[in-house]
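Asker: turn this into a structure:
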Amino acid sequence: MKTVLFVTSFVLLFFSFKEGKTQYLTLTGFVNAKSGEVLENVSIYDSLSTIGSLTDKRGFYQLLLVPGKINLSATLSGFEVYRKSFTLSCDTMIVINLTPLNEPKDVAKKEEPRVSVKQHSIDRRGVSSNLNKKYFVTTDFQ
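Answerer: Numbers count the residues shown, from 1 in each chain. Just a heads-up that it's a prediction; the model follows:
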């Protein structure tokens, strides 16, 4: 009787630990701008599990998530929000390319300033003017 009770307890204990163990999957990837520029500090977030992360200086991110439905978003100021819904069933890598927000059309392009150098000679106490030249730099924004 003691043996049956011991075996039954062992089997119940074994299955209770097996049921309580949660399996996590890794969602990794990189975030770039459409131009190919690596983007740092992009917020990567799963709205269903409320788990998120930021990209590093290489644009890399990593999330440990429970298998199932994922509502992924990637946000960075100056870029359109990226959204993707999918079912996570294995370790997955997603490369995200963010699109910059459109600039207003009424903003005029900045022109480069024109730089001109003017040469002036100064004569002091009979010294040749070629030895005492001063240069002045001016900038004109046109």
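Asker: which stretches of the chain form strands?
Answerer: Applying DSSP state E to the chain gives strands spanning 25-33, 43-46, 51-54, 60-65, 68-75, 82-88, 92-93, 96-98, 114-121, 133-140.
Asker: the shortest one pairs with which strands, parallel or anti?
Answerer: Pointing back at strand 92-93 there. Counting by DSSP bridges, the strands paired with strand 92-93 are strand 25-33 (parallel).
Asker: cool, the second one as well?
Answerer: Each strand that strand 43-46 pairs with, and the sense of that pairing, follows from DSSP bridges: strand 51-54 (antiparallel), strand 68-75 (antiparallel).
Asker: still on that earlier bit, any chance of the strands of the chain in CSV, with mean neighbour count and mean pLDDT too?
Answerer: Where you see a C-beta, it was placed from the backbone N, CA and C, and this is true even at glycine. Conversion of the strands of the chain to CSV gives the following (neighbours: other C-beta atoms under 10 Å; pLDDT from 0 to 100):
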stretch, mean neighbour count, mean pLDDT
strand 25-33, 18, 95
strand 43-46, 18, 96
strand 51-54, 15, 96
strand 60-65, 16, 96
strand 68-75, 17, 96
strand 82-88, 13, 96
strand 92-93, 12, 95
strand 96-98, 18, 96
strand 114-121, 9, 52
strand 133-140, 9, 41
